[in-house]
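# Here is the input, now give the coordinates:
(4 chains, ligands or ions: 4)
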Protein chains: 2
Amino acid sequence: MSTKALRKEEEDNLLRRADDLCRQNNLRLTPIRERVYRELVQSGGPVGAYDLVDRLSSEKKRLAPVTIYRALDFLRDAGLVHRLATQNSYVISHGQPDVNAMKIMFVDSKTGETIEVHSTEVAEAVKKAAEQAGFKSVSPFMEVEGEIAQ
Amino acid sequence: MSTKALRKEEEDNLLRRADDLCRQNNLRLTPIRERVYRELVQSGGPVGAYDLVDRLSSEKKRLAPVTIYRALDFLRDAGLVHRLATQNSYVISHGQPDVNAMKIMFVDSKTGETIEVHSTEVAEAVKKAAEQAGFKSVSPFMEVEGEIAQ
DNA sequence: ATATGATACGTTAAAACATATCATATGCAG
DNA sequence: CTGCATATGATATGTTTTAACGTATCATAT
Ligand SMILES: [Zn+2]
Ligand SMILES: [Zn+2]
Ligand SMILES: [Zn+2]
Ligand SMILES: [Zn+2]
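Ligands and ions are numbered 1, 2, ... in the order given. Prediction:
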């Protein structure tokens, strides 16, 4: 089985998962929202909002930026998409909501490529540091820049 | 001794430290760069670039945004200032370059208030996670959003 | 004395990113 | 069917950051 086929299966899984999640929470995964999500899934990495505008626009119909931002907001609220603040870009959230883990997005400084890792160890260490800082709760998402080996 | 006096001493220390650092590395802490750094020190928290434009402009002379951005770039390259990507703002880096520690900026989701904590525990846990992700090196700076207790 | 190089700053403009506003459409509950 | 909430279209604007080009200043070389 080719890696392409594997990828395709994974894509379909993610799409189904998103669909189910929305159905179960009475959220409407409208066509535009689904197209944005699908584009992020297929890209395999972070994509900027204006990139999404380009990719989802056709000759006859150009989407307005605000349309994309609204879809992104919906997907983020649903927990399906993360915003990468350091990159001004958006990336799918994969992995089940492992509630005790820190979701770390490692971002390659050069290419912008990202890899998501979930770690309870980091979550605990950060929680300890947060208490030290007088913070009672912290986001389960972090972004760390670095360099990919090779 | 009043807290105000204490604060003033701390400010002077930071200014001196910055001055020394630049001198030792043949970096030129010019008047504009020093004013930007001083403003960040005195503000006691993160400040946006356009805020700095306003604060450092006078009736007769209005600084251009790019002037501030250039000063900020210099200060960041020198390791004196951090950019907070989630806030589009800039904040002084205090604490000696504790090379083995992760410098965590906790950002209050509501007010934008920040507290910096250095943690070797977090650094180690993140390093482990990074290896898992195929990252050979990671930035010693992180930003974590959360809520301050009270 | 004059030329060259290096760095910082001024000025202008544009790119890149994000939101506001109001009109229209669409789905859905009563 | 009707009315209401929600989603999208269309347009404009706001915000943040960088690009491009020129000038000023000072040091060093010719
Ligand atoms: Zn939202
Ligand atoms: Zn995730
Ligand atoms: Zn730089
Ligand atoms: Zn620091």
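# contacts and neighbour counts: CA atoms only from here.
Fine.
# Is it correct that A:Val107 falls within a strand?
Yes: with DSSP: H, G, I helix; E, B strand; the rest coil as the criterion, A:Val107 is part of a strand.
# Hmm, it is touching A:Val144, no?
Yes: the pair A:Val107 and A:Val144 passes the contact test of C-alpha atoms under 8 Å, sitting 6.1 Å apart.
# the more surrounded of these two?
A direct count of neighbours by other C-alpha atoms under 10 Å in any protein chain shown for A:Val107 and A:Val144 places A:Val107 higher, at 25 against 22.
# What about A:Gln42? Give its phi and psi, please.
Note on A:Gln42: backbone dihedrals following degrees, to the nearest 10 are phi -70, psi -30.
# That one contacts A:Glu11, doesn't it?
Yes: counting by C-alpha under 8 Å, A:Glu11 is a contact partner of A:Gln42 at 6.9 Å.
# which residues are contacting the helix or strand that contains A:Glu39?
Assessed by DSSP states H and E, A:Glu39 sits inside helix A:31-43. Residues outside helix A:31-43 that contact it (C-alpha atoms under 8 Å, 6 or more residues apart in numbering or on different chains): A:11, A:14-15, A:46-47, A:52, A:56, A:68, A:71-72, A:74-75, A:81, A:90-92.
# buried ones in it?
For helix A:31-43, the neighbour count (16 or more other C-alpha atoms under 10 Å in any protein chain shown) marks A:32-41 as buried.
# Make JSON lines out of the residues you listed and add pLDDT.
Formatted as JSON lines, the buried residues of helix A:31-43 follow (pLDDT from 0 to 100):
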{"residue": "A:Ile32", "pLDDT": "97"}
{"residue": "A:Arg33", "pLDDT": "97"}
{"residue": "A:Glu34", "pLDDT": "97"}
{"residue": "A:Arg35", "pLDDT": "97"}
{"residue": "A:Val36", "pLDDT": "97"}
{"residue": "A:Tyr37", "pLDDT": "98"}
{"residue": "A:Arg38", "pLDDT": "97"}
{"residue": "A:Glu39", "pLDDT": "97"}
{"residue": "A:Leu40", "pLDDT": "97"}
{"residue": "A:Val41", "pLDDT": "96"}
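# And the residue nearest the centre of chain A, how far from DNA strand C?
Centroid-nearest residue in chain A: A:Ile92, 2.5 Å away (criterion: C-alpha atoms, centre = their mean). A:Ile92 sits 15 Å away from DNA strand C, going by C-alpha to the nearest atom of the strand, to the nearest Å.
# so who does that residue touch?
Contact analysis of A:Ile92 by C-alpha under 8 Å, 6+ apart lists A:37, A:40-41, A:45-46, A:80-82.
# Check A:Lys136 too.
Counting by C-alpha under 8 Å, 6+ apart, A:Lys136 has contacts A:130, B:146-149.
# same check, this time on A:Ile115
If you count contacts by C-alpha under 8 Å, 6+ apart, A:Ile115 has them with A:105-107, B:133.
# same thing with A:Glu145?
A:Glu145 sits in contact with A:106-109, B:138-139, where contact means C-alpha under 8 Å, 6+ apart.
# which one of the contacts of A:Lys136 is nearest B:Leu6?
B:Ile148 (23.6 Å; C-alpha to C-alpha).
# Across the sheet, point out what pairs with that closest one.
A:Phe135 (DSSP bridges).
# hang on, the earlier thing: would you reformat the contacts of A:Ile92 as a markdown table and include distance to B:Leu63?
Supplementary listing: those in a markdown table, determined by distance: C-alpha to C-alpha, whole Å:
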| residue | distance to B:Leu63 |
| --- | --- |
| A:Tyr37 | 42 |
| A:Leu40 | 40 |
| A:Val41 | 44 |
| A:Gly45 | 38 |
| A:Pro46 | 35 |
| A:Leu80 | 42 |
| A:Val81 | 39 |
| A:His82 | 36 |
